[in-house]
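Here is my input, please return the structure:
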Amino acid sequence: MDFELSDQQQQIRDEVRRFGENEIRPIATEHDREEKFPHEVLDEAAKMGLLGAQIPMEYGGAGYDALDVAIIIEGLYAADPGVGGSVLGTAFGSEAIVAFGTEEQKEEYLPPIAEGEAIMGSAISEPDTGSDVSSVSTTAEKDGDEWVVSGNKMWITNGSVGDYFVVLCRTDPEAEGRYNGFSQIVVEA
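Predicted coordinates for the structure are as follows:
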């Protein structure tokens, strides 16, 4: 077995390291002290395909596989985990849309994330259950063509900067099995 990085993976690693040194390190301390979200870094990250790196190319992403994304994570976090995590986190929750979304949802939500025009977040945890997904009590009920979401969430990833959120809800309280009857619904901020 060959465990060496391919030429393309080495190029990704080198470019991300350079990006981290040039774009992230110089502003990291300031952003930590002032608790600021690094909006200005996102434009450059989008140009490099680092926002939603795992989003398929047909939806504006770079279409990187899991190992490529791991290389990106390593490079960004080496520069600064806070800012690096913010860059990577702009697509947090989009994996659900890639895997389970309708074609319409993919076309609507994924390109703006990959292009740096929107930030996605995820709302899973609740005050009474923490991150125990099997105990989520937030519900969503169909009302005509729309879903009405009722409940409380906390620790919402990108809660203060997000444009769209994937919200874990109980949509079928009668479903059998501990993990059945749940859906993730996209809610716009």
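
E74: neighbouring residues, count only.
E74 has 14 neighbours, counted by other CB atoms under 10 Å. Any C-beta I mention is one placed from the backbone N, CA and C, and that applies to glycine too.

same question, the one 10 residues further on
Applying other CB under 10 Å, we find 26 residues neighbouring G84.

cool, and L88?
For L88, the number of neighbouring residues by other CB under 10 Å comes to 21.

Which neighbouring elements make contact with the helix or strand encompassing Q105?
When secondary structure is defined by DSSP states H and E, Q105 falls within helix 103-114. Using 3 or more CB pairs under 8 Å, 6 or more residues apart in numbering; DSSP states H and E as the contact definition, the elements that helix 103-114 packs against are helix 94-100.

about what we covered before: residues in contact with the helix holding Q105: which ones?
With CB atoms under 8 Å, 6 or more residues apart in numbering as the test, helix 103-114 has contacts from 46, 49, 51-52, 55-56, 59-62, 90-91, 94, 97-98, 101, 117-120, 163-164, 186.

and it, how far out from the chain's middle?
For helix 103-114, the distance from its own C-alpha centre to the chain's C-alpha centre is 13 Å (CA atoms, centre = their mean, to the nearest Å).

Not counting its own residues, what contacts the first helix or strand past that helix going along the chain?
Using DSSP H and E, the next helix or strand after helix 103-114 towards the C-terminus is strand 120-123. Residues from elsewhere that reach strand 120-123 (CB under 8 Å, 6+ apart): 90-94, 109, 113, 153, 156-159, 161-168, 187.

Domain ranges for this protein, per the record?
The record, using the TED database to delimit domains, assigns the chain the ranges 7-115, 120-188.

Mean pLDDT lowest where, among those?
In terms of mean pLDDT, the lowest-scoring of those is domain 120-188 (a mean of 91).

Give me the distance between the two termini of that domain.
This stretch, domain 120-188, spans 9 Å end to end (CA to CA, to the nearest Å).

before we move on, what about stretch 176-189?
Separation of the first and last residues of stretch 176-189 by CA to CA is 32 Å.

With stretch 166-177 instead?
The stretch stretch 166-177 measures 22 Å between its terminal residues, going by CA to CA.

what ranges do the strands span in the chain?
Secondary structure of the chain by DSSP state E: the strands cover 120-123, 139-143, 146-150, 164-170, 182-188.

out of these, nearest to G84?
When the strands of the chain are ranked by proximity to G84, the top entry is strand 120-123, at 17.0 Å, counting by CB to CB.

Off-centre distance for the closest one?
7 Å.

Stretch 91-105 too?
In terms of CA atoms, centre = their mean, the centre of stretch 91-105 is set 10 Å apart from its chain centre.

quick one: buried residues of that stretch?
Along stretch 91-105, these residues count as buried under the neighbour rule (16 or more other CB atoms under 10 Å): A91, F92, G93, S94, E95, A96, I97, V98, G101.
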